[in-house]
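Need a 3D model of the sequence below.
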Amino acid sequence: MPSPEDDPAAPVVELELPLCAPPPGSAPFDLEAAVCSHGLFMMAPNRWDPASRALVRPLRLASDRAASVVARVSRHPARPSDSLLVSILGAADSLTPLDQSSILEQVRRMLRLGEEDGRAVAEFQSMHAVAREAGFGRIFRSPTLFEDMVKCILLCNCQWTRTLSMSAALCDLQLELRCSSSTERFQSRTPPIRECKRKRSNKRNVRVKLETKFAKDELVCLEDPNLATGTSNDTTNQQTYENSFSLLSATSETGSTAEVSLDHSELKLGNGLCLEDCGGDFPIPEELANLDEDFLAKRCNLGYRAKRIVMLARSIVEGKVCLENFEGICKMSEPALEGLSATPSSYERLNEELSTISGFGPFTRANVLMCMGFFHMIPADTETIRHLKQFHKRKSTISSIQKELNDIYGKYAPFQFLAYWFELWGFYDKQFGKISDMEPINYGLFTASYLKKAIANS
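Predicted coordinates:
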């Protein structure tokens, strides 16, 4: 990724991304609502700038997958109601038409701007007037399915502060790998960590500082099918099993809590535009497949997750897992649900395919499939139980949760998850303040202990 210190006059390429007119009965597209709709937007290398209401992150080039450029997604200043502006740093001479198309497609995926996405949003908002008024209906996701899958692993069975640090550490590692020589890149199973030689300015580079080291990870991912189907009566599991997409840690908070703090510096670009330095990009399969599992676990503090991530990357590189086929299945539809982005039958087919991949138990699979556009299933965990007890006054347990979810959200089929998440996200918004206004340095506050304090003071 180019740096403005290398070229202070680095040009900015501005790409226009037209927005489809909203279908009848749905709200106009809202960039802020589309981005700040899920904890994924807080994870590196994503950066939401609350001041400018813009999303900043590196994106891959189609012409060279090892290369990334910094993209800034904002409302088009001249046509804010029907276009987005995607500004690219320093790529005037190298950004091919194929690269431009790929960048826009990655933005479309993150913000769910496809025609099928729009029809699904309109269908849901026609059922849910309050969500329509709030512009809610799009759940933020990553530019690639691989990044979503890895982040599902990172979000599972650990505290939110650690999830943030693991994602940032993977992006830091990607930057170091990219700065190594081409002959060494991705070849060694235990690549040496090299100091990234970048020109320094008086301003500090953006970096994540781990103020407190986490204890060695000895957790076992509780991917118990009984928990996912709500048939387990194991109260211990109920206390420790945690929603891999919940911003709040549902596990017991013993010991010290690690804090993640961020130093932010602005990149001054041509035309007076300011972008945030995103550092490294999220690794692609080719960048992880040849890494030693123990090295990756230690370098990024991933614990048991390192093996699962490396195995996934290797399976993709070796052709054993084809993500394009997964996404092709996702686009298949049935007459009964014509026009929707996903159908139950394709859900079952994909769920079966994902179950063959090591580390993807029922709960993680359900969250990956939600990222792919399936909203009829609500993964249930202790955070779901807490929400139903507090919001709906239900005496929920792991064994009763699925029935109660069906009773409450069944009327929104096939968008039960969207109705549930709208309530849950609104609860977070109320307890922590408007999420889209939060500075990234405060994202680590989304913990169970801080929630208890917020509720007690409310």
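
switch to C-alpha atoms for all contacts and neighbour counts from now on
Will do.

which residues in this structure form strands?
For the chain, the strands defined by DSSP state E cover 12-18, 47-49, 54-60, 68-75, 83-89, 207-210, 260-263, 266-268, 274-276.

which other helices and strands contact the first one?
Put plainly, it is strand 12-18. The contact analysis (3 or more CA pairs under 8 Å, 6 or more residues apart in numbering; DSSP states H and E) places strand 12-18 against strand 83-89, helix 97-111.

what do you get if the cut-off is 7 Å, keeping everything else the same?
Packing partners of strand 12-18 (3 or more CA pairs under 7 Å, 6 or more residues apart in numbering; DSSP states H and E): strand 83-89.

what's the angle between the strand it packs on and strand 68-75?
150 degrees (axes from the mean of the first three to the mean of the last three CA atoms, to 10 degrees).

any idea how far strand 83-89 is from the chain center?
Distance, stretch centre to chain centre, for strand 83-89: 20 Å (CA atoms, centre = their mean, to the nearest Å).

Could you do stretch 382-389 as well?
Taking CA atoms, centre = their mean, one finds stretch 382-389 lying 22 Å from the centre of the chain it belongs to.

ok, now stretch 173-183?
The chain centroid and the centroid of stretch 173-183 are separated by 24 Å under CA atoms, centre = their mean.

For that stretch, give the mean pLDDT please.
Mean per-residue pLDDT for stretch 173-183: 77.

How about it, which residues are buried there?
Buried residues in stretch 173-183, defined by neighbour count with 16 or more other CA atoms under 10 Å: 173-180.

Pull it out as PDB, backbone CA atoms only.
Only the C-alpha atoms of stretch 173-183 are listed here, as PDB (Å, rounded to 0.1, in the frame of the first residue of the first chain):
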ATOM      1  CA  LEU A 173       1.500  -9.700  10.000                       C
ATOM      2  CA  GLN A 174       0.100  -9.200   6.500                       C
ATOM      3  CA  LEU A 175       2.000  -5.900   6.200                       C
ATOM      4  CA  GLU A 176       5.200  -7.500   7.400                       C
ATOM      5  CA  LEU A 177       4.900 -10.400   4.900                       C
ATOM      6  CA  ARG A 178       4.300  -7.900   2.100                       C
ATOM      7  CA  CYS A 179       7.400  -5.900   3.100                       C
ATOM      8  CA  SER A 180       9.600  -9.000   3.000                       C
ATOM      9  CA  SER A 181      11.500  -9.900  -0.200                       C
ATOM     10  CA  SER A 182       9.600 -11.500  -3.100                       C
ATOM     11  CA  THR A 183      11.700 -14.700  -2.900                       C
END
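
Remind me what the lengthiest helix in the chain packs against, helices and strands.
Counting residues, the longest helix found in the chain (DSSP state H) is helix 160-179. Judged by 3+ CA pairs under 7 Å, 6+ apart, the packing partners of helix 160-179 are helix 293-300.

Let me see the residues that make contact with the helix it packs on.
166, 169-170, 190, 303, 306-307, 310 (CA atoms under 7 Å, 6 or more residues apart in numbering).

any idea which of the residues you listed is closest to V12?
Nearest to V12 out of the contacts of helix 293-300 is L170 (CA to CA; 27.1 Å).

Okay, the closest one and S142: tell me how far apart.
Distance of L170 to S142, computed by CA to CA, to the nearest Å: 15 Å.

so who does V86 touch?
V86 neighbours (CA under 7 Å, 6+ apart): 14-16, 71-74.

ugh, wrong one, I meant V150
Counting by CA under 7 Å, 6+ apart, V150 touches I309.

And it, what's its pLDDT?
Looking at V150, its pLDDT reads 98.

same deal with I398?
Taking I398 on its own, its pLDDT is 81.

circling back: buried subset of the contacts of helix 293-300?
By 16+ other CA under 10 Å, the contacts of helix 293-300 give 166, 169-170, 303, 306-307, 310 as buried.

so can I have a markdown table of these showing pLDDT and distance to K393?
As requested, those are arranged in a markdown table below (pLDDT from 0 to 100; distance: CA to CA, whole Å):
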| residue | pLDDT | distance to K393 |
| --- | --- | --- |
| M166 | 98 | 35 |
| A169 | 97 | 40 |
| L170 | 98 | 40 |
| G303 | 96 | 37 |
| A306 | 98 | 39 |
| K307 | 97 | 41 |
| V310 | 98 | 43 |
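
what would those residues look like in TSV with distance to F29?
Putting the buried ones among the contacts of helix 293-300 into TSV (distance: CA to CA, whole Å) gives the following:
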residue	distance to F29
M166	32
A169	33
L170	32
G303	40
A306	37
K307	39
V310	37
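
Can you list the low-confidence ranges for the stretch 51-200 of the chain?
The model of the stretch 51-200 of the chain has pLDDT under 70 over residues 91-93, 181-200.

Excluding chain neighbours, give the residue nearest to A71 in space.
Setting aside the residues directly before and after it, A71 is nearest to I88 in space (CA to CA, 6 or more residues apart in numbering), at 4.7 Å.

So the one you found versus L59, what's the distance?
9 Å.

For the two, list the residues in contact with both.
Taking CA under 7 Å, 6+ apart as the criterion, I88 and L59 both touch 69-71.

Let's see if you can find the most crowded of those residues.
When these are compared by neighbour count (other CA atoms under 10 Å), A71 ends up highest, at 27 neighbours.

residues touching that residue, list them.
Residues near A71 by CA under 7 Å, 6+ apart: 56-59, 86-89.

is it in a bridge, and if so with what?
Beta-bridge partners of A71, counted by DSSP bridges, are R57, I88.

cool, and the one 4 residues further on?
The bridge-partner assignment for R75, based on DSSP bridges, gives L84.

Alright, that wraps it up for me.
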